[in-house]
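S.K.: Here is the input, now give the coordinates:
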Amino acid sequence: MLQQMRRAQSWMIKGVLWAVVLAFIVTIFYAWGVRSSPTPTSSEVATVLGSRIGIQEFQRERERLLRLYRALLGGQEDLEARFNFREMALQQLATRLLVQRLAEQEGIQVSEQELYDHIAAMPAFQTEGRFDPARYQAVLRSQVPPVSPRQFEEEQRQFLLQQKLFQLLEAAAQVSDADIEEAYRRDHERLTVRYVTLVPSLFAEQVEVSEADVQAYYEAHRERYRLPEQRRIRYMVLAPERFTAQVQVSPRDIEDYYALHQEAFRQPERVHARHILLRLPPDASAEQEAEVRARAEKILAQLRAGADFAELARKYSEDPATADKGGDLGTFARGEMVQAFEEAAFSLPVGAISDLVRTPYGFHILRVEARHPGGLKPLDAVRAEVEQRVRQEKAQEAVEALADELLAHLEVAPAQFTAVAEQHNLPVTTTPFVPATGRLADVKAPDLVRRAFALEGEAVDAVAGSDGTYYLFQVVERRPATVPPLADLQEQVRADVQQQRATELARQTAEAWAEKVRAGTALSELAASLQLRVVESEPFTRLDPIPELGENPAFRRVAFGLQPGEVGVAHDGSRTFVIEVVARQPADMAALAQQREAYRTRLLAAARQRLRQAFEAFLQAQYRTLREQGEIVVNPQYVF
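M.R.: Residues are numbered from 1 along each chain as shown. The predicted model follows:
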């Protein structure tokens, strides 16, 4: 089947994807055979083309989707009322079965080694950069609900199988030289235009708005004025600083922390160096590079003859940050400089002068002033730092313990919120009304408002801020979503009516002007009637910002659809443009040679993405077809 799809490539890239659909249908109903799926048993949710989907598998997928949507959309709304997670889970599992069937037909397999390498490369299962079997088991057990290694590995096998199938499909993507030339020609064709901008404010005085107009507009657009639900929230703050001075830190605490966190106190090898830089631009020609190299070699010869490095750096170096300091770069570790520079610096002995070092900045000459070997800092050298870290950890633990204690109490007696805060000398802050998307300026927990909108009644919740501070909060007052009466919106609605009508007048005027220009009237003459300026642009391409407008897709689309001498009208939502094309300059195809491979790469990636999207769309469409034709049979006890 995929061979049929790959042969359809030339059509697919042009958007004619029926060959793929046909290939898919032929495969399912002929290669796999038309048959009725059996009725699911009591331990099954559904059968798909004869394959069975068990209850546990279905529930895991449904829970996975629910967790995903909660993470994306938050907990402020009843997601299960808004989304049909049962149907979504069934579709996901059925689609996987279709993909598995296709993969089997194409002879695609995932080996045990491929599966191991894929899982072992996941950072969540690694300790110090290496796969840790114990951590792997612990992470899977920590999931809610827990996931067995067998389940997880089967899910990952299916993922890899799907990726291989996609890769096989994407291999069909091809980009011809003609495609590249057409894309380059389109991108680099240059247009020169003159245009006038008409804005609604030019016509506002011509608009008359009656009370009946305001009433009618309000009734037709009520939802536009709806205010979302708003809530007043009160919260108390539990900051770690409250306990920092109270916690006790023993010598044993310091020693234990140091032993468990030695990586935090390791110092990398560092080098103290000077350099002289002679700059080269990124696009330097061979002649420019040779000229700069010759100058650098003369300086290097002087240094090796005994000249003072700092003096020559002040005289010749083109690094403005270090030249006045005799080229002194200070001390640095690996990873702080570009690779060629770093390799030279860390390979030179103290006092040695390097050969010329070429980097993207130009030519460097280095001298190493000193070396500082890496290693573990002794405890005595970092004792104060370790004590501070231990103190902060204990303070954080104390805050968390107090937050848990207060939250447990307030979950039972939420009406005592203020009394509990006073008892523990915690100030209470009450916010003004805020919507679910609101933010509280003094709160370092962005989720607080969102979570407050998930609370019912006087319920109390707690959230940790980015700095370790805990906030306990509850809702004081709720203001439901509502559309204010017209009396409260009179001026706003009137302004909206006026804006709408003025915008329409601007459109009508632009269309009338375009007709007059086509009939021979100069655009400048029409613009003068409203004291408007005609913009005469420099040549620009589809990739360039519009002169004096910046990015404006509506303007660009209309302008590049016109030939020299033609006139068009574009509207970007707030402004209307009358555009006259003065000239079109073809792309310089001679310059394509240097960019051909970059274009091929970009177009190939786009073609592969379109193929993948098309294939995913066909899988979804096929799921719907199988559902309608009874090839997916659902257990009657499950309501979809």
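S.K.: Sticking with residue 163, tell me its helix or strand.
M.R.: Using DSSP states H and E, residue 163 falls within helix 149-170.
S.K.: pLDDT on that helix, on average?
M.R.: Computed over helix 149-170, the mean pLDDT rounds to 85.
S.K.: What's opposite residue 270 in the beta bridge?
M.R.: Residue 270 has these beta-bridge partners by DSSP bridges: residue 333, residue 372.
S.K.: List the residues that contact it.
M.R.: By C-beta atoms under 8 Å, 6 or more residues apart in numbering, the contact set of residue 270 is 331-333, 371-372, 374. Glycine gets a C-beta too; all of them are placed from N, C-alpha and C.
S.K.: before we move on, what about residue 302?
M.R.: residue 312.
S.K.: State the distance from the closest residue to residue 115 other than its chain neighbours to residue 45.
M.R.: Distances taken as C-beta to C-beta, 6 or more residues apart in numbering put residue 157 closest to residue 115, at 5.6 Å, once the chain neighbours are dropped. Applying C-beta to C-beta, to the nearest Å, the value for residue 157 to residue 45 is 21 Å.
S.K.: These two: which is more packed in?
M.R.: The residue with more neighbours, out of residue 157 and residue 45, is residue 45; 24 against 19, by other C-beta atoms under 10 Å.
S.K.: do you know how far the one residue sitting closest to the centre of the chain is from residue 88?
M.R.: Most central in the chain under C-alpha atoms, centre = their mean is residue 72, positioned 12.9 Å from the mean C-alpha point. In this view, residue 72 and residue 88 are 13 Å apart by C-beta to C-beta.
S.K.: Likewise for residue 527?
M.R.: Computed as C-beta to C-beta, the residue 527 to residue 88 distance reads 55 Å.
S.K.: Of the two, which one has the most company?
M.R.: Taking neighbours as other C-beta under 10 Å, residue 527 and residue 88 compare with residue 527 leading, 20 against 16.
S.K.: OK, contacts around the more buried one?
M.R.: Going by C-beta under 8 Å, 6+ apart, residue 527 touches 196, 533-534.
S.K.: Most neighbours out of those residues, which is it?
M.R.: Using other C-beta under 10 Å as the neighbour criterion, residue 196 leads the contacts of residue 527 with 22 neighbours.
S.K.: Kindly list the main-chain dihedrals of it?
M.R.: When read as degrees, to the nearest 10, the backbone of residue 196 gives phi -130, psi 140.
S.K.: returning to what we had before: rebuild the contacts of residue 270 as JSON lines, extending it with distance to residue 110 and neighbour count.
M.R.: Shown next, in JSON lines, are the contacts of residue 270 (distance: C-beta to C-beta, whole Å; neighbours: other C-beta atoms under 10 Å):
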{"residue": "331", "distance to residue 110": "49", "neighbour count": "14"}
{"residue": "332", "distance to residue 110": "45", "neighbour count": "17"}
{"residue": "333", "distance to residue 110": "41", "neighbour count": "15"}
{"residue": "371", "distance to residue 110": "49", "neighbour count": "16"}
{"residue": "372", "distance to residue 110": "49", "neighbour count": "13"}
{"residue": "374", "distance to residue 110": "42", "neighbour count": "11"}
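S.K.: For residue 49, state which of those residues is nearest.
M.R.: Using C-beta to C-beta, residue 333 comes nearest to residue 49 of the contacts of residue 270, at 59.2 Å.
S.K.: Give me the outermost residue of the chain relative to its centroid.
M.R.: Max radial position in the chain (C-alpha atoms, centre = their mean) goes to residue 305, at 55.4 Å.
S.K.: Just the pLDDT at that residue, thanks.
M.R.: The model reports residue 305 with a pLDDT of 94.
S.K.: the strands in the stretch 151-300 of the chain, which residues?
M.R.: 190-198, 230-238, 266-267, 270-279 (DSSP state E, counting those that start in this stretch).
S.K.: of all those strands, which lies closest to residue 593?
M.R.: strand 190-198 (19.1 Å).
S.K.: which other residues reach that closest one?
M.R.: Here strand 190-198 makes contact (C-beta under 8 Å, 6+ apart) with 506, 509-510, 513, 523, 526-527, 530, 532-541, 555, 559-560, 575-585, 587.
S.K.: Check stretch 439-452 too.
M.R.: By C-beta under 8 Å, 6+ apart, the residues outside stretch 439-452 that reach it are 74-76, 231, 233, 235, 429, 431, 434, 436-438, 461, 463-467, 469, 471, 473-475.
S.K.: Filter the residues you listed down to the buried ones.
M.R.: 74, 76, 231, 233, 235, 431, 434, 436, 438, 461, 463-465, 469, 471, 473-475 (16 or more other C-beta atoms under 10 Å).
S.K.: doesn't residue 264 make contact with residue 258?
M.R.: No: Residue 258 is not in contact with residue 264 according to C-beta atoms under 8 Å; the separation is 9.0 Å.
S.K.: what about the helices in the stretch 301-450 of the chain?
M.R.: With DSSP state H, counting those that start in this stretch as the criterion, the stretch 301-450 of the chain has helices at 309-316, 339-347, 379-412, 417-423, 447-452.
S.K.: what's the nearest residue to residue 499 if we skip its chain neighbours?
M.R.: Counting by C-beta to C-beta, 6+ apart, the residue nearest residue 499 is residue 200, at 5.7 Å.
S.K.: and that neighbour, what does it touch?
M.R.: By C-beta under 8 Å, 6+ apart, the contact set of residue 200 is 499, 502-503, 505-506, 574.
S.K.: quick revisit: now for the strands of the stretch 151-300 of the chain, which one comes closest to residue 41?
M.R.: With distances scored as C-beta to C-beta, the stretch of the strands of the stretch 151-300 of the chain nearest to residue 41 is strand 230-238 (48.1 Å).
S.K.: residues in contact with that closest one?
M.R.: Residues outside strand 230-238 that contact it (C-beta under 8 Å, 6+ apart): 399, 402-403, 406, 417-418, 420-421, 426-435, 440, 443, 448-449, 452-453, 469-479.
S.K.: Give me the buried subset of these.
M.R.: Applying 16+ other C-beta under 10 Å to the contacts of strand 230-238 flags 399, 402-403, 406, 417, 420-421, 426, 431, 434, 440, 443, 448-449, 452-453, 469-475 as buried.
S.K.: what pairs with the closest residue to residue 565 other than its chain neighbours across the strands?
M.R.: Closest residue to residue 565 apart from its sequence neighbours, by C-beta to C-beta, 6+ apart: residue 581 at 6.9 Å. Counting by DSSP bridges, residue 581 is bridged to residue 193.
S.K.: ok, now how distant is residue 581 from residue 549?
M.R.: Per C-beta to C-beta, residue 581 is found 16 Å from residue 549.
S.K.: Kindly report the same for residue 176.
M.R.: With C-beta to C-beta as the criterion, residue 176 and residue 549 are 35 Å apart.
S.K.: Who has more neighbours out of those two?
M.R.: Comparing residue 176 with residue 549 by neighbour count (other C-beta under 10 Å), the higher total belongs to residue 549, at 16 against 12.
S.K.: wait, the more buried one sits on residue 555?
M.R.: Yes: counting by C-beta under 8 Å, residue 549 does reach residue 555; the two are 6.2 Å apart.
S.K.: what packs against the helix holding residue 163?
M.R.: Here helix 149-170 touches helix 2-7, helix 85-105, helix 112-120, helix 133-141, helix 596-628, going by 3 or more C-beta pairs under 8 Å, 6 or more residues apart in numbering; DSSP states H and E.
S.K.: Return the set of buried residues in it.
M.R.: Buried residues in helix 149-170, counted by 16+ other C-beta under 10 Å: 153, 155-158, 160-162, 164-166, 168-170.
S.K.: again with stretch 606-618
M.R.: Under the neighbour-count criterion of 16+ other C-beta under 10 Å, stretch 606-618 has 607-608, 610-611, 614-615, 618 buried.
S.K.: Quick check: mean pLDDT of that stretch?
M.R.: The average pLDDT within stretch 606-618 is 86.
S.K.: from the middle of its chain, how far away would stretch 87-107 be?
M.R.: 28 Å (C-alpha atoms, centre = their mean, to the nearest Å).
S.K.: cool, and stretch 191-211?
M.R.: The chain centre lies 37 Å from the centre of stretch 191-211; the measure is C-alpha atoms, centre = their mean.
S.K.: Cheers, nothing more for now.
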